[in-house]
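**Student:** build me a model:
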Amino acid sequence: MYTVTLLGAPTGRALDPALAEALRNAWGGGDVLWLAPDEAAEFAVAQHPDNLWDVWADVQNQGVDLVVQPTKGRRKAVLLADMDSTMIQQECIDELADEAGVGERVKEITARAMNGELDFEDALRARVGLLKGLPVSTISDVLEKRITLMPGGKVLLTTMKAQGAYAALVSGGFTDFTRAVAKQLGFDENRANTLLSDAGILTGDVGMPILGQQAKVDALEDITKRLDLTDQDVLAVGDGANDLGMLGRAGMGVALHAKPSVAAQCDIRINHGDLTALLYLQGYAKADFETPA
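**Tutor:** Numbers count the residues shown, from 1 in each chain. Predicted coordinates for the structure are as follows:
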């Protein structure tokens, strides 16, 4: 059995019940279950639809995300999440670069690296090199004034952890940021790269080894082994090329507002919804969401 999930944007156009019913009828599905009025609905089908991606393209134009996945095992025990442009709305290195006066140069490199056009490690070294001479105190300023959480993140973490899930933040960014974001959202652990400094000034170097695509896969393997779980127990979410390894390995790999070349390699793509979409994909209804403290 498979579950078909339709998701509208929380702040966008309402999900039309007629669309859900029409799709259910076309695919011979079961009764439509509304997880959230006007926002999220699902129904069961016996077979994976042959025309999924044609229909997906059509409903995307209506501001709706469409996901089809095996029904068994949808509720996950581990959340493995990227940070930049996933759990937060910014790319931290781009914000630091703005403060250093090299914002446009760094943003161009970031965009190409996240789209898979550049080697991640080489691109990271190049960008960090442009931060040489920036006071370390700039990091706390950026955290306070420039970094905002992605909508739905606190509800996602609070709800999954209330059900006993383990949450890890794994980023190609920097520990100065992941520590703060992990604490704010309630992640159990965080892994990222380290910006090196001397006498309160960034040296333009990054600590080795660099945490890139393979390190995120390693995190998945380490955590599942430690918790005596399997890849199928993991929900991974990210947006960049360096996330593809963990997205491909996880039982549920979600490309969230991802770069086109990244989304094209993932079966689960959320382009309109926020992070609460990850709860609906697991079968949580809005009434099941836990309120963050």
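
**Student:** and residue 246, how close does it get to residue 219?
**Tutor:** To residue 219, residue 246 is 7 Å away according to CB to CB, to the nearest Å. Every C-beta, even on glycine, is put in place using the N, C-alpha and C of the backbone.

**Student:** sorry, wrong one. I was asking about residue 107.
**Tutor:** In terms of CB to CB, residue 107 sits 27 Å off from residue 219.

**Student:** where does the stretch 51-200 of the chain have low pLDDT?
**Tutor:** Nowhere does the stretch 51-200 of the chain drop to pLDDT under 70.

**Student:** quick one: residue 111 from residue 147, how far?
**Tutor:** Per CB to CB, residue 111 is found 19 Å from residue 147.

**Student:** the helices in the stretch 151-293 of the chain, which residues?
**Tutor:** For the stretch 151-293 of the chain, the helices defined by DSSP state H, counting those that start in this stretch cover 153-162, 175-185, 213-226, 244-249, 260-263, 277-281.

**Student:** using a markdown table, lay out these together with distance to residue 75.
**Tutor:** Output for those, formatted as a markdown table (distance: least, CB to CB, whole Å):
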| stretch | distance to residue 75 |
| --- | --- |
| helix 153-162 | 9 |
| helix 175-185 | 20 |
| helix 213-226 | 16 |
| helix 244-249 | 18 |
| helix 260-263 | 24 |
| helix 277-281 | 10 |
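
**Student:** go through these and name the closest to residue 168.
**Tutor:** Counting by CB to CB, residue 168 lies closest to helix 213-226 out of the helices of the stretch 151-293 of the chain; the figure is 5.8 Å.

**Student:** helices or strands up against that closest one?
**Tutor:** Judged by 3 or more CB pairs under 8 Å, 6 or more residues apart in numbering; DSSP states H and E, helix 213-226 is in contact with strand 78-81, strand 166-174, strand 234-238, helix 244-249.

**Student:** just the CA coordinates for it, please, in CSV.
**Tutor:** Provided in CSV are the C-alpha atoms of helix 213-226 (Å, rounded to 0.1, in the frame of the first residue of the first chain):
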residue,chain,number,x,y,z
GLN,A,213,28.3,15.1,1.9
GLN,A,214,30.1,11.9,3.1
ALA,A,215,30.2,13.2,6.7
LYS,A,216,26.4,13.6,6.7
VAL,A,217,26.1,10.0,5.5
ASP,A,218,28.5,9.0,8.3
ALA,A,219,26.3,10.8,10.8
LEU,A,220,23.3,8.8,9.6
GLU,A,221,25.3,5.5,10.0
ASP,A,222,26.7,6.5,13.4
ILE,A,223,23.4,7.5,14.8
THR,A,224,21.4,4.5,13.6
LYS,A,225,24.1,2.1,14.8
ARG,A,226,24.2,3.7,18.2
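
**Student:** buried residues of stretch 80-94, list them for me.
**Tutor:** Of all the residues in stretch 80-94, those buried under the rule 16 or more other CB atoms under 10 Å are 80-88, 90-94.
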